[in-house]
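Novice: let me see the structure of the following:
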Amino acid sequence: MADTAARRAGLSPLAPYAERFAAATRASGGALRLAELPFLAQVDVRLDPKGPAADAVGLALGLPLPLEPNTVAHGGEFAALWLGPDEWLVIGPAGTGTHLEARLREAVGDRHAAVVDVSAQRTTLLVGGARAAELLAHGCSLDLHPRAFGAGRCAQTTLARAQVVLVPREEHRPGFRVLVRSSFARYLAEWLLDAASEYLWNSPDSTRPEGCPR
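Specialist: Predicted structure coming up:
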């Protein structure tokens, strides 16, 4: 109920954490970047990957739906994440979920498919910087080294016991996007800030900025 009220007021699930994320980012000296990427469009698509609906969705997005498990296809302002043999999560610019859903519904027409706007289910955390994989490894059992889990991959997994969808960023921009259900977002934000504390201003004569976790 609180999340719904916040969204109606135009607030993202992690709006209260913006200053703390910024303080932690500054205090890491560039080793980490924490931020929320709020209100990204997220549309769940289910269809036969070998059927005409898949081709129609690909044409509407300007990219083919990825068929290899746990991969991502990028094209323009959209990304399609493989979630299962007949399921994908299409991500688009913030605030465009309703438009994206309508666009894909029009594309599939009366073909056998399901297209649902699930933008309100999750928010997205950016965990960037050179120490991003090391930070997430504290709570995730996946091998996060770029050779094993690099750009173009995705995974449904757990982070600090919270269900997430984890997506590495581009090769030249170290870090990850972490899609987490809105109801678990604040829990995960607190965990990230606590886990990040060991990377923040470790020298004895350093002073932590106000709002930075100790």
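
Novice: quick check, Arg186 in contact with Arg20.
Specialist: No: look at Arg186 against Arg20 with Cβ atoms under 8 Å: they stay out of range, at 11.2 Å. For glycine as for every other residue, the C-beta is placed from the backbone atoms N, C-alpha and C.

Novice: you'd agree Ala31 is in a strand?
Specialist: No: Ala31: not assigned to a strand; according to DSSP: H, G, I helix; E, B strand; the rest coil it is coil.

Novice: pretty sure it is touching Gly129, no?
Specialist: Yes: with contact defined as Cβ under 8 Å, Ala31 counts as touching Gly129 (5.2 Å).

Novice: which one of those two has more residues nearby?
Specialist: A direct count of neighbours by other Cβ atoms under 10 Å for Ala31 and Gly129 places Gly129 higher, at 22 against 17.

Novice: for that one, give its distance to Pro66.
Specialist: Separation of Gly129 from Pro66 (Cβ to Cβ, to the nearest Å) stands at 27 Å.

Novice: how about the strands of this protein, start to end?
Specialist: Assigned by DSSP state E, the chain shows strands spanning 33-37, 40-47, 72-75, 78-84, 87-94, 113-117, 122-128, 155-159, 162-168, 175-181.

Novice: and the first one with strand 122-128, angle?
Specialist: Spelled out, that is strand 33-37. 160 degrees (axes from the mean of the first three to the mean of the last three Cα atoms, to 10 degrees).
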